[in-house]
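[1] Sharing a model that was predicted from the sequence below.
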Amino acid sequence: MTTTEAVHEDAPSDPDSGGVGGSFAFAAVKPLAGLVVPVCAVAAALAVGSVMLLALGTNPLRGYAALIDGAFGGWDALADTSIKAMPLLLVGVGICIAFRAGVINIGGEGQIIAGAILSTSLALTIPDTPRIILVPLVLIAGAVGGGIWGTIPGALKAYAGVSEILATIMMNIIAAQFLSFLLQDLLIEEGAIKIQQTERVDANSHLPLLPGGTRLHLGVLIAILVAVLGYLLLFRTSLGMRLRSVGHNPHASKYAGMAVNRSIVQAMAFSGACAGVAGAILVFGSESHRLIGEGGASAFTQSAGFNGIVAALFGALHPLWTIPASFFFGGMLTGGIQLQQELQVPAALIVALNGVVVIFVVGSLKLRTRVNRWVERHEGAPVQPHKDVVDGGVMSGVE
Amino acid sequence: MWSDFFTVSVFVATLASGIRLATPFLLAALGEAVGQRSGVLNLGVEGVMLIGAFAAYFTKLKTESTVLAVLVALGVGAVMGLIYAFVTVIMQAAQGISGIGIYLFGLGFTDLLFQKQVGTPQPIPKLAKVEIPLLSDIPWIGEIFFQHNLLVYLAFLLVPVAWFMINKTTFGLNIRAVGETPEAADTLGVSVNLTRTFTIVIGNTMAGLAGAALALEVGIFQQNLTAGQGFIAIALVYFGAWRPVGVMSGALLFGIVSATVLTLKTLGIVEGAASSLLAMAPAILTIVVLVVVSRRIAAPAALTRPFDRAAS
């Protein structure tokens, strides 16, 4: 394990300023300096998007107008945005927990699928259960499925020293192929033409729609609830304190008597469970109310396993800040559909833009510490010999 | 059914196709190994492979020139390398996450370009086989080793080249020094940032080439053509303990496993659902291998650690 030795022994003891999570916590620095850099990063990413739109022969202003209109223009658009934001938020909250514990969970895709498979199987097995029982049950099944899929790479990291980045990526591939297997064999809809999908799940398991006449369903509220619970877990319980401590400095945590390995497994279990709930909601909150594998696994997950990382990073790895961040990126996804319909710009642009946003946001972190130091210096505060958290953090790597 | 599988001709054909399928893995993993020896993890390999694959495919489609296709793929790989070097070396961003950014960019960008510029899938002519005189006539051996396209030979020739570069040149010594203790290397006047920039550009150029090898081998482009191969290539670097020959063994193992799965499918021994199950094999194999090697072989000590002279 070399991750840990990179963490500076003399890292600042101020809980707000350091650590893996801290390095991403824009909220924790001077408000102004904390905001300027990420906003600039997004502006730069949008500028790159403009160049791409121009190259495709589309007026960037019209492009972004279509994007914003599709995302936030009217109640139906807002409802769709919220529905798209749901998996991003759930995966993002899981990412906050894992990253703050120093574990890089790239396995959201697989964890979503595992949650969807387990919850769908359960609902198909016990269809005639009262709704008040079945709905919570399928959500729990989703959490369990995703949790198991997260625990495996967590345990491999903790007890066999396997890089969790590589293990979670492999778990994604395994889950996607397993889903494809199930939907061609055990779970395929009976009698239907060979489409990779399950039977429609029982009406008693459907997530209720929220009042208001839109497509908004209970899943969106559950995602927000999970974000609040994630916040409470990380910042208001001793378990969360332990997870953050392990992520901040594993050596010191171990010295202080904390079970570092167990914390890694727990962080991955929670992280996977959040993604697994998203998987369940994607099935039981969808309009088709079934698990559909047609078009590949990423068509089902909407690549939320990756985009959720973007949302969490943008939300400074804070579960509550991840809520607005997810709605922003959910808006990009719904807006992307409008962009495609109105201006024939493929929605893949949004995936590419998300990548650019990630690069700019992570790339600007160092800049943020510099701005921060500058602010400190000019306020006459004693300049801390600030060892930089980013260089050594577990954030920066595998192993 | 199974008796079809256990024949010499099927065996030979499977091994030959294993070597072909190993080529993109090998090219990408060799480049990644060089980067990791200098302490830089590049998780964006998959994205750069996609970009290289599309560049090669599109150039070939428009100009029908294979040479140009490969050159363009190398070029875009190098450009991606410069971008990644800027982000991780100059801006000192976390390497793991930056790589995911590059991956998402490559995934979306190539899909976007493909839909806008090509639209419907159009095949391109595959790379021609070059039979090595005399050697290709040897029974079995000839078919397995000496009847491939030029990129296959190139990939395997690059193995000793990479070994020589890493172990026998001053540049290689610098790479290793920078990957183990950048502070010490810096004290001795080795430019950590410049060395890493070079290895990143080499690695990404190789990833671009790997993409080209894939696209020109299958003769088609589609969304997410690489389907995780770039990520497996990164795992192969761990598998091969950061040594070119080890990386080659891993690539061959994966190539042959994939080829066997394909052969079983072609012969109708497994079909439909079962082939999805078999497609899990390389990923499971990777995890098993990682479990075995992770505690035994030490990674370059400075892997994933950005170098900040001011902080050291």
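    Cool, the structure landed.
[2] Please make it C-alpha for all contacts and neighbour counts, starting now.
    Fine.
[3] Could you verify my assumption that residue B:252 touches residue B:22?
    Yes. Checked against CA atoms under 8 Å, the pair residue B:252 and residue B:22 is within contact range at 5.3 Å.
[4] So for the two, which sits in the more crowded spot?
    Between residue B:252 and residue B:22, residue B:22 has the larger neighbour count (other CA atoms under 10 Å in any protein chain shown), namely 28 against 21.
[5] what sits against the closest residue to the more buried one other than its chain neighbours?
    In space, and not counting its chain neighbours, residue B:22 is closest to residue B:255: 4.1 Å by CA to CA, 6 or more residues apart in numbering or on different chains. Residue B:255 sits next to B:17-23, B:25 when contact means CA atoms under 8 Å, 6 or more residues apart in numbering or on different chains.
[6] What of residue A:282?
    Neighbour list for residue A:282: A:87, A:116, A:300-301 [criterion: CA under 8 Å, 6+ apart].
[7] Equivalent analysis for residue A:344, please.
    Here residue A:344 is in contact with no residue (CA under 8 Å, 6+ apart).
[8] got a pLDDT number for it?
    Confidence at residue A:344, expressed as pLDDT, is 87.
[9] same deal with residue A:104?
    The model's pLDDT for residue A:104 equals 89.
[10] If you tally nearby residues, what's the number for it?
    By other CA under 10 Å, the residues close to residue A:104 number 27.
[11] can you tell me which residues contact the residue nearest to it when sequence neighbours are not counted?
    Ranked by CA to CA, 6+ apart and with sequence neighbours excluded, the top spatial neighbour of residue A:104 is residue A:165, at 6.0 Å. The contact partners of residue A:165, by CA under 8 Å, 6+ apart, come to A:104-107, A:398.
[12] Show me which residues of the stretch 201-312 of chain B sit near chain A.
    Contact residues (CA under 8 Å from any CA of the partner chain) of the stretch 201-312 of chain B with chain A: B:228, B:231-232, B:234-235, B:272-277, B:279-280, B:283-284, B:286-287, B:290-291, B:294-295, B:299, B:301-308, B:311.
[13] Name the nearest residue to whichever residue of the stretch 101-250 of chain A sits closest to chain B, sequence neighbours excluded.
    Closest contact between the stretch 101-250 of chain A and chain B, by CA to the nearest CA, is at residue A:181 (4.6 Å). Nearest non-adjacent residue to residue A:181, counting by CA to CA, 6+ apart: residue B:273, 4.6 Å away.
[14] which helix in chain B runs the most residues?
    Longest helix in chain B, counting residues (DSSP state H): helix B:8-37.
[15] Identify each buried residue in it, please.
    For helix B:8-37, a neighbour-count test (16 or more other CA atoms under 10 Å in any protein chain shown) marks B:11-37 as buried.
[16] hey, where'd the helices end up in the stretch 201-312 of chain B?
    Counting by DSSP state H, counting those that start in this stretch, the stretch 201-312 of chain B has helices at residues B:229-239, B:244-266, B:273-279, B:281-294.
[17] which stretch among these comes nearest residue A:254?
    Of all those, the one in closest proximity to residue A:254, counting by CA to CA, is helix B:281-294 (21.2 Å).
[18] between the closest one and helix B:229-239, how big is the angle?
    Here helix B:281-294 runs at an angle of 30 degrees relative to helix B:229-239 (axes from the mean of the first three to the mean of the last three CA atoms, to 10 degrees).
[19] Mind checking the pLDDT average for helix B:281-294?
    For helix B:281-294, mean pLDDT is 85.
[20] what comes into contact with it?
    A:156, A:160-163, A:167, A:170-171, A:173-174, B:232, B:235-236, B:238-239, B:241, B:254, B:257-258.
[21] Try it again at 6 Å.
    A:160-162, A:170 (CA atoms under 6 Å, 6 or more residues apart in numbering or on different chains).
[22] Also stretch B:73-81?
    Stretch B:73-81 is contacted by residues B:52, B:55-56, B:200-201, B:204-205, B:208-209 when judged by CA under 6 Å, 6+ apart.
[23] which of the residues in the lengthiest helix in chain A are buried?
    For chain A, the helix that runs over the most residues, judged by DSSP H, is helix A:131-160. Going by neighbour count (16+ other CA under 10 Å), the buried part of helix A:131-160 is A:131, A:134-135, A:137-158, A:160.
[24] check contacts around the residue nearest to residue A:181.
    By CA under 6 Å, 6+ apart, the contact set of residue B:273 is A:181, A:184-185.
[25] Which one (most neighbours) among those residues?
    Highest neighbour count within those, by other CA under 10 Å: residue A:181, with 24 neighbours.
[26] Okay, and that residue sits in which element?
    helix A:164-184 (DSSP states H and E).
[27] Following element in sequence after that helix, please.
    Using DSSP H and E, the next helix or strand after helix A:164-184 towards the C-terminus is helix A:218-236.
[28] in the helix or strand following that following helix, what's buried?
    Using DSSP H and E, the helix or strand that follows helix A:218-236 in sequence is helix A:238-248. Neighbour counts using 16+ other CA under 10 Å place A:240, A:242-248 of helix A:238-248 among the buried residues.
[29] which secondary structure elements does the helix or strand that helix A:238-248 is followed by contact?
    Per DSSP H and E, the first helix or strand lying C-terminal to helix A:238-248 is helix A:250-255. Using 3 or more CA pairs under 6 Å, 6 or more residues apart in numbering or on different chains; DSSP states H and E as the contact test, no helix or strand touches helix A:250-255.
[30] three-state assignment of residue B:121?
    Put simply, residue B:121 is coil when judged by DSSP: H, G, I helix; E, B strand; the rest coil.
[31] give the contact list for it.
    Residues near residue B:121 by CA under 6 Å, 6+ apart: none.
[32] Quickly note the distance from it to residue B:218.
    Using CA to CA, to the nearest Å, we find residue B:121 at a distance of 12 Å from residue B:218.
[33] give me the low-pLDDT residue ranges for the stretch 101-250 of chain A?
    Low-confidence segments of the stretch 101-250 of chain A (pLDDT under 70): A:191-193.
[34] where does it come near chain B, residue by residue?
    A:160-162, A:170, A:174, A:177, A:181, A:184-185 (CA under 6 Å from any CA of the partner chain).
[35] redo that, cut-off 8 Å
    Within the stretch 101-250 of chain A, the residues that sit near chain B (CA under 8 Å from any CA) are A:156, A:160-163, A:166-167, A:169-171, A:173-174, A:177-178, A:180-182, A:184-185.
[36] how close does the residue lying closest to residue A:224 once chain neighbours are set aside sit to residue A:39?
    Leaving out its chain neighbours, the residue that sits closest to residue A:224 by CA to CA, 6+ apart is residue A:323, at 7.0 Å. Using CA to CA, residue A:323 is found at 17 Å from residue A:39.
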